[in-house]
Structures are given as C-alpha cells and as structure tokens.
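Trainee: Just a sequence and a predicted model for now, questions to come.
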Amino acid sequence: MSNLETNQVTQQARGPVGREGVLDVAARLFREQGYGSVSLRKIAQVAGIKAGSIYYHFGSKDEIVLSILDTGIMAVHDEMRLAVSSQASDASAEVILRAAITAHLRALLDVSDYSSANVRIFGQVPQSVRDANLPTRRSYEAEWDSLLARLKANGALKQDVDVRHLRLMLIGALNATLEWFDPKRGSVEALAKNYADVFVHGILEKQDN
C-alpha cells in the first residue's frame, strides 16, 4: 500500500471530526453535564465517530479536559487583556475596570463553551488535572493582580484594599453568574454594567451625618 493510500485509510478511520471537533463537542458536554457524566464514549457518540478514533488525538479523557480548561481560561484572558489594552492611555480607572469586567463576562457567557465548561467542572476534575492547569490559571490571575496593583499605585484604589482579595472576590462573583444568568432576561452588557456599578460605586447610599 502506498503512503497516499495509507494516509487515506488513516483519515477515514479518524472520521470527519478532527481534534478541534472533538474538543468542541467535549466542551459543550462538560458545560452542560459536568465532568463525571461525560465519558469518552459519549463524546464520540455525539461527535459521530467511533470511540477508538478519539485516541488518534488524545490519550485519555483527562487530556481532553486539560485542553478545555486551558483553552477556556485563555479565551477569557485574551478578551480581558484586549479590552484593557484598547483603552486610551488617559482612560479613567472606572473605564478600565468596566472594560475588564465586561470582557470577562462576555467571554464567559457569550463567546465559548470552553470558558463556561472551565468554571463548571474545575472543582470536579482530579487534582492532577487541576495542578496541570494551574500555570494557565495563575497567568490570568496575575493579569488581574497587575491591573489592580497599577490602579492602586495610581491612587485610583483605596490604599487599604488588598489586591489579591479584591481579585478573588471579583472573579468569583463574575464566574458565579454561570449558575443563574439567563440571556433571555437580559444582556451580558447590562449585567456587566450592574456588576461594575457595584464594584466601582458600592451599594450603600451616602448618609448625611
């Protein structure tokens, strides 16, 4: 059998769905059903390929999961970094924070099954997978820490604000929207505005002393 014929047979065995197709299907399933309910067999069935075909691209379910976790974080990271870097050099802290919050929510809720799956299943996956994902996660957290530290150094944040605690609270609140946000009842932009209003201006009315 010639090399061309061998390649054709191999491609037929792999089926029409390649590596990215498998990941797309898996990300959607993990987002909808969680980690434990999704098997390689189910991924293959939804993708329309034989279960064994997945092994042309991935060695295990957890290898697929790690790719989805990394891709999900990078999608949010890229959106947030682009949104912040696109602001004018003299943009106010409020404008910058609103841009970052909106970008995070848009990537999380509108852009990708990967980012949604990341938030949904991270706490469900084996520790070894979480450990392997940590560099990508830490990189995004460092992006927020750097932004908040810069705003604090410029006097835009109160000096007694703990940057790490603020970042944990902010990202945690944004990610939690996956549990309840219904796009039929409002837009991501409106949600982002409401969140930014709370973080920037607080929730209490000023009282006359």
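Mentor: Happy to help now that I have it.
Trainee: What are the boundaries of the helices in this protein?
Mentor: Listed in chain order, the helices of the chain (DSSP state H) span 3-14, 19-33, 40-47, 61-85, 93-106, 113-121, 127-153, 163-175, 188-201.
Trainee: other SSEs contacting the third one?
Mentor: Which is helix 40-47. For helix 40-47, the packing partners by 3 or more CB pairs under 8 Å, 6 or more residues apart in numbering; DSSP states H and E come out as helix 19-33, helix 61-85. Bear in mind the C-beta positions are built from the backbone N, C-alpha and C, glycine included.
Trainee: gap between the last one and the chain center?
Mentor: Put plainly, it is helix 61-85. The offset between the C-alpha centroid of helix 61-85 and the centroid of the whole chain comes to 5 Å, using CA atoms, centre = their mean, to the nearest Å.
Trainee: likewise stretch 85-94?
Mentor: Using CA atoms, centre = their mean, the distance between the centre of stretch 85-94 and that of its chain works out at 24 Å.
Trainee: thinking again about what came up before, quick one: closest of the helices and strands packed on helix 40-47 to Asp110.
Mentor: Closest to Asp110 of those is helix 61-85 (CB to CB; 9.7 Å).
Trainee: Show me which residues of the closest one are buried.
Mentor: Within helix 61-85, the residues that qualify as buried are 61, 64-77, 79-80, 83-84, counting by 16 or more other CB atoms under 10 Å.
Trainee: re earlier: could you save the helices of the chain as CSV and add columns showing mean pLDDT and distance to Asp182?
Mentor: Written out in CSV, the entries for the helices of the chain read as follows (pLDDT from 0 to 100; distance: least, CB to CB, whole Å):
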stretch, mean pLDDT, distance to Asp182
helix 3-14, 39, 38
helix 19-33, 94, 15
helix 40-47, 94, 25
helix 61-85, 94, 20
helix 93-106, 94, 14
helix 113-121, 90, 14
helix 127-153, 95, 26
helix 163-175, 94, 16
helix 188-201, 91, 10
